[in-house]
Every structure is written in C-alpha cells, then in structure tokens.
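Peer 1: requesting a structural model of the entry that follows:
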Amino acid sequence: MRENISVENPDYTNILELSLNDIIPERAVLILDSLNQEYFYSKLKSKIELNDKTIDYIDRQLNEISVLLNASVDTLQMYKQRKSIVNLTWEEGDFLGKIGSYDQERSVAQMQIQSLNDLEKYIIDDKDPQFLPPSIFITGKEGFIPKAATELYTKQIELNRLYYLVTDANPGLQEHVNTIKKLKQDLLVNISNERKATTLKIDNINGQIAKYISEAKSIPQKQQDILGFQRKLDVNESIYNFLLEKKANTRIAKASIVPDATIIEAPRNTGEVSPDRMGLQRNFLSAGFAISLIIILLRTLFFTKIKSIEHLKELSDIPAIGVIPFVKKADEEDGAFVDMQPNSLAAEAFRNIRTNLQYASVGYDQKTFLVTSFLPGEGKTFTSVNLATTLAKTGKRTLIMELDLHKPRVYKNLGLPAPSNGITTFITNQGEGVIEDIIKSSVIPNKKTINFVQEIKESNNISNLLFILNGVRNIGKRYYYKGYGYSYGYGYGYGYGKGSSYTK
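Peer 2: Numbers count the residues shown, from 1 in each chain. This next block holds a predicted model:
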C-alpha cells in the first residue's frame, strides 16, 4: 500500500498533495482522511508535549524559589524580633525599594544567562530531542532565541519520527537534517550575542546597586541589616511571581494550541487513473496494424500465390482452358460431383472445360489428357472423375486410367470394388490377355459408361499401352509451369473417341 501513496510539494508553496491509487475508491478516501488526521494529531502532540514539559520545568523552579522565599521571610522576622525593630522610616523604605528593584532585574538577567548557557550546552551536546531545551522558555516568548528553540525542539521530534519511517538516503530526511543543522548554527550565534548584551546589562545594574548601597551607609547598622534581608525577600518574591505568571500564560497557551496546517480539499475519488483504456486501445490498434503489415509483407515476399486466371496468364504462356471453384471435402467423397449437383458452379465449370478441350483438340479422333499436380491432395482425382463424367455425358466412350499408385481413389468415387488385377499386372507381363481383365465398366446416372483402368506405374513396358495413352507420355515430358518442370510417374489419364476396340 505504501508504494501506491505519493506526496508532492508544488513549487514555491507550503502545500502537500497526497494521492493514493487503489482498486477500491472508498478505501483510498478513508486511508487519506486517516493520514490527514494522524498528521494533525502528530503536530498537536509535539506542541502539547512541549507545553507540558515547560510547565513541569516552571514547577521545579517554583519549588526552589518557594524554599528560598520562606527562608527569607523567616530570617527577616527573627531578626526584627531579636533586635526589637518595628518598621523602617520613609527614607529607609525608599532605599530598600530602589535596591530591591535593581536586585530583581539582576536576578532575571542572571537567570537568562544561565538559560543561554544551558541551551548552548544542549545544542553542542546534541542531546535526545525528547528532552526539553533547558529553561529558555521562562525568560519570555519574544525574540529570535525562544522561537528558534521551540522550532528546534519540534523539528528534532519530527526527525526522530522520520528515522523510523524512511532510510538514511531519503532526500526528505537529508533536507530535515540540514535544516536542523542550519538552525543550530543560527542559535549559537544569537546565544553568544545575547549573552554579551545581558552581561553588560548586569554590569550596569551592579553599578546602580553599588551607588545606592554607598548612599545607604548613613543608615544605622540595624537598619542596613533589615534592608539586606528585605531586599532578598523582595527579589525571591518577584521571581516567584514571575514564575507564577509564566505558568499561567503557559496553561492559557495550551488551551489555544491548534494545528499549524489545514485541509484545503478533503479526500475524494478523482476517477479511474489506470488502466488507460484509450491508451491501451491505441496501443493494441497500433500493434495490430503493425502485425498486419508484417504479415502482408511476409506473404507478399515468401508466399506468392496465383489468385486468378488473369494472374496465371500474366505469369505463364501456357493457355488456360478453365477455372474450377473450390469444393468442400465433404462434397468430394462419393460419386461424381457433376452428377450430384449438376446446377452448381463447379459443374458448370467442368462443362466449360469440356467445351474448351473439344475446341483445343479439333482434328484428333483419339484424344488423351493427363491430369497432374505438384502436391498430393490438390484435386487430381476430383478433376479426373468429374471431367470424365462430363465427357461421358456427351455420348463419348471415355476411358479413365488411375496412375496414382500412392493413394488410388478413383474406384471409390465411381462406386467400384477394389480390383484384383491392375495395370501393374499388364506391364509386368504376368499374363496374356490380361488387358481385358483390367478394364472395368462404371454406369453413370444417364446410363452412359466409363471404361476404367485401375493402376499404372513407370516401366519399360509402358509402350504396350501407347494406343491407350495416345501421347500422355509426351505431354508429361513437355509439361511446364513457370519454372517448375514435372516428370511425375503418377496421375490420371483419360481418353475418348469413336473407336471401341483395342489392339496391340
């Protein structure tokens, strides 16, 4: 929680701004309000402690003066009784009053010097700040020294508190230490000057007292003794009254102690500060835009694809006879697609290809085509079966040869059982007359037939099937697409024409 609290001091002001980030606004307001109250209480506490310690110090001085005062009264009464003296004359009383007044001033000045000495020793010894600066508070509240001594005590109490809250490297703590050091230096200079001035004042008072004492020598010895006793009594009485007055003033000041700070604005919820929703949205949008650009750049540089037939025509000189739209895998599984969905875009595309092939092969009675591709699963079976079906629907006798020995699937699409003899049997010379066994018939919905040859593989005996392939081998050797030469030994070949018999 502490790391979420921040305290700022605006430039050129004595204002502190407190803020707290919390997921619960009500709790943050309560904590800040409690901090304000605790701050005011700490300020009041130090002032009240200073006031109480001042009163305790005055009480100790009163007890000492009270003993001296009682002793002076008893001594004077006993002397009068022993010498049978009733009262002093007017002249003797006037001398006594003047000398007593100067004695009182001298005693106060001596007390002030003693207080200055004690305060100087307190500063030099660097005592625990919990101890009250000695006796400086009984000499009055005016001037720099009493105010500075009070400020020194308050700042030392605050420094003690900071030592428990922050480390020695904290800038606020170092600033506080420097302030106390500067205040002590100023106090020592003022104490020295004040002590010199007070010493001169005492010397002047001593001169006045000596003058009046010399004038009082004409008074009889008994009366002089009475004047001495009475003078001591008056001095002690005046000091006692002075201390009583200071004690009363201190008690009155305690009742008027108030914090030297005030709340300018009560804690309140200023709204959501984090997360920065607009900033996050901007960051995510920027990141998404950057990632999109990177993906587009990578796809452009490393994943070039042919996107349209016009694009293909730009890249290759090979004529394009048609475009087949994409068909889902589920629609390819069983049967010819052009039979199941004759009105679809794909069926219409196959019919267009059939027409283009017929125009491209004008003048040839026997027509043979090879369907191949660069990778497996790109639609060789689908294209061969549907194109052969489309050709068969025109009344042409069509023969489809499955040359894919890796994953043969034509017989499944045509609904035929897996053959026991295939084209491999024929080209390996494992029997004569086997060509009739490897030709299968498949009936399409309009009762046209597709003659089907199951398998073929690369072999020197492939020349025995040239009357069926009719140029498939040559077409395969010449096939070229934009820098890629193909000489794969698998694929699908089909042919159609008017003939119905086959000979070696």
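Peer 1: quick one: residue 379 and residue 373 touch, right?
Peer 2: Yes. Using CB atoms under 8 Å, residue 379 is in contact with residue 373, at 7.0 Å. Backbone N, C-alpha and C define where each C-beta goes, glycine included.
Peer 1: now do the longest helix belonging to the chain, average pLDDT.
Peer 2: Once the chain is assigned using DSSP state H, the helix that runs over the most residues is helix 25-83. Per-residue pLDDT values across helix 25-83 average out to 78.
Peer 1: can you start the count at 58 instead of 1 from here on
Peer 2: With 58 as the first residue, the last one maps to helix 82-140.
Peer 1: same question for the helix or strand following that helix, mean pLDDT?
Peer 2: Moving toward the C-terminus from helix 82-140, the first helix or strand encountered (DSSP states H and E) is helix 147-182. If you average the pLDDT over helix 147-182, you get 74.
Peer 1: which elements pack onto helix 147-182?
Peer 2: When contacts are defined as 3 or more CB pairs under 8 Å, 6 or more residues apart in numbering; DSSP states H and E, helix 147-182 packs onto helix 201-222, helix 228-272, helix 278-312.
Peer 1: one more time with 7 Å, if that's ok
Peer 2: With contacts defined as 3 or more CB pairs under 7 Å, 6 or more residues apart in numbering; DSSP states H and E, the secondary structure elements packing on helix 147-182 are helix 228-272, helix 278-312.
Peer 1: run the angle between it and helix 82-140 for me.
Peer 2: For helix 147-182 against helix 82-140, the angle between stretch directions is 140 degrees (axes from the mean of the first three to the mean of the last three CA atoms, to 10 degrees).
Peer 1: quick one: buried residues of helix 147-182?
Peer 2: 149, 152-153, 155-166, 168-170, 172-173, 176-177, 179-180 (16 or more other CB atoms under 10 Å).
Peer 1: relative orientation of it and helix 228-272 in degrees?
Peer 2: Using the same axes, to 10 degrees: helix 147-182 against helix 228-272 is 160 degrees.
Peer 1: next one: helix 147-182 to chain centre, how far?
Peer 2: Using CA atoms, centre = their mean, to the nearest Å, the distance from the centre of helix 147-182 to the centre of the chain it belongs to is 66 Å.
Peer 1: in which helix or strand does residue 343 reside?
Peer 2: helix 334-359.
Peer 1: now the element after that helix, going C-ward?
Peer 2: Using DSSP H and E, the next helix or strand after helix 334-359 towards the C-terminus is helix 366-372.
Peer 1: show me what the helix or strand just after that following helix is packed against.
Peer 2: The helix or strand immediately downstream of helix 366-372 is helix 394-397, counting by DSSP H and E. If you count contacts as 3+ CB pairs under 7 Å, 6+ apart, helix 394-397 packs onto helix 402-417, helix 437-449.
Peer 1: dump the C-alpha coordinates for helix 394-397 into PDB.
Peer 2: Coordinates of the C-alpha atoms in helix 394-397 are reproduced here as PDB (Å, rounded to 0.1, in the frame of the first residue of the first chain):
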ATOM      1  CA  PHE A 394     -19.900 -34.100 -58.200                       C
ATOM      2  CA  VAL A 395     -21.300 -33.100 -61.600                       C
ATOM      3  CA  ASP A 396     -24.000 -35.800 -61.100                       C
ATOM      4  CA  MET A 397     -24.900 -34.900 -57.500                       C
END
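Peer 1: in that helix, what counts as buried?
Peer 2: Residues of helix 394-397 classed as buried: 394, 395, 396 (neighbour count, 16+ other CB under 10 Å).
Peer 1: is it true that the second one touches residue 444?
Peer 2: No. With contacts defined as CB atoms under 7 Å, residue 395 does not count as touching residue 444, sitting 8.6 Å away.
Peer 1: need the overlap of contacts for these two.
Peer 2: In terms of CB atoms under 7 Å, 6 or more residues apart in numbering, residue 395 and residue 444 are both contacted by the residues residue 407.
Peer 1: neighbours around residue 292, how many?
Peer 2: Neighbour count of residue 292, defined by other CB atoms under 10 Å: 24.
Peer 1: that one contacts residue 162, correct?
Peer 2: No. Applying CB under 7 Å, one finds residue 292 not in contact with residue 162, separated by 9.6 Å.
Peer 1: how is this structure divided into domains?
Peer 2: Structural domains of the chain, as assigned by automatic domain parsing, span the residue ranges 59-174+244-312, 378-554.
Peer 1: give me the pLDDT for residue 301.
Peer 2: Looking at residue 301, its pLDDT stands at 84.
Peer 1: what separates the nearest residue to it once chain neighbours are set aside from residue 456, distance-wise?
Peer 2: Of all residues not flanking residue 301 in the chain, residue 119 sits nearest, at 7.1 Å (CB to CB, 6 or more residues apart in numbering). As for residue 119, its distance to residue 456 is 135 Å (criterion: CB to CB, to the nearest Å).
Peer 1: those two: who's more crowded?
Peer 2: Between residue 119 and residue 456, counting by other CB under 10 Å, residue 456 is the more crowded of the two (21 against 17).
Peer 1: chain center to the helix or strand containing the more buried one: distance?
Peer 2: Element membership of residue 456, judged by DSSP H and E, is strand 454-459. Its chain's C-alpha centre and that of strand 454-459 lie 71 Å apart, by CA atoms, centre = their mean.
Peer 1: strand partners (parallel or antiparallel) of that strand?
Peer 2: strand 506-510 (parallel), strand 549-554 (antiparallel) (DSSP bridges).
Peer 1: hey, least reliable of those by pLDDT?
Peer 2: Between the strands paired with strand 454-459, the model is least confident about strand 506-510 (mean pLDDT), which shows a mean of 43.
Peer 1: surely residue 457 and residue 467 touch.
Peer 2: Yes. In this structure residue 457 lies within contact range of residue 467 using CB under 7 Å: 6.4 Å.
Peer 1: for residue 65, name its beta-bridge partners.
Peer 2: Partner residues in beta bridges with residue 65, using DSSP bridges, are residue 74.
Peer 1: in this structure it contacts residue 74, no?
Peer 2: Yes. With contact defined as CB under 7 Å, residue 65 reaches residue 74; the gap is 4.5 Å.
Peer 1: coming back round to it: most tightly packed of the helices and strands packed on helix 147-182?
Peer 2: The highest average neighbour count among these, using mean count of other CB atoms under 10 Å, belongs to helix 278-312 at a mean of 17.
Peer 1: picking that back up, can I get the helices and strands packed on helix 394-397 in TSV with mean pLDDT and mean neighbour count?
Peer 2: Output for those, formatted as TSV (pLDDT from 0 to 100; neighbours: other CB atoms under 10 Å):
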stretch	mean pLDDT	mean neighbour count
helix 402-417	87	16
helix 437-449	87	24
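Peer 1: got these as TSV, with distance to residue 347 columns?
Peer 2: Supplementary listing: the helices and strands packed on helix 394-397 in TSV, determined by distance: least, CB to CB, whole Å:
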stretch	distance to residue 347
helix 402-417	38
helix 437-449	40
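Peer 1: quick one: closest of these to residue 478.
Peer 2: Residue 478 lies closest, by CB to CB, to one member of those: helix 437-449, at 20.7 Å.
Peer 1: so how far is that closest one off the chain centroid?
Peer 2: Relative to the centre of its chain, helix 437-449 is centred 64 Å away, using CA atoms, centre = their mean.
Peer 1: which strands or helices does it pack on?
Peer 2: Contacts defined by 3+ CB pairs under 7 Å, 6+ apart place helix 437-449 against helix 394-397, helix 402-417, strand 424-428, strand 454-459, helix 467-470, strand 549-554.
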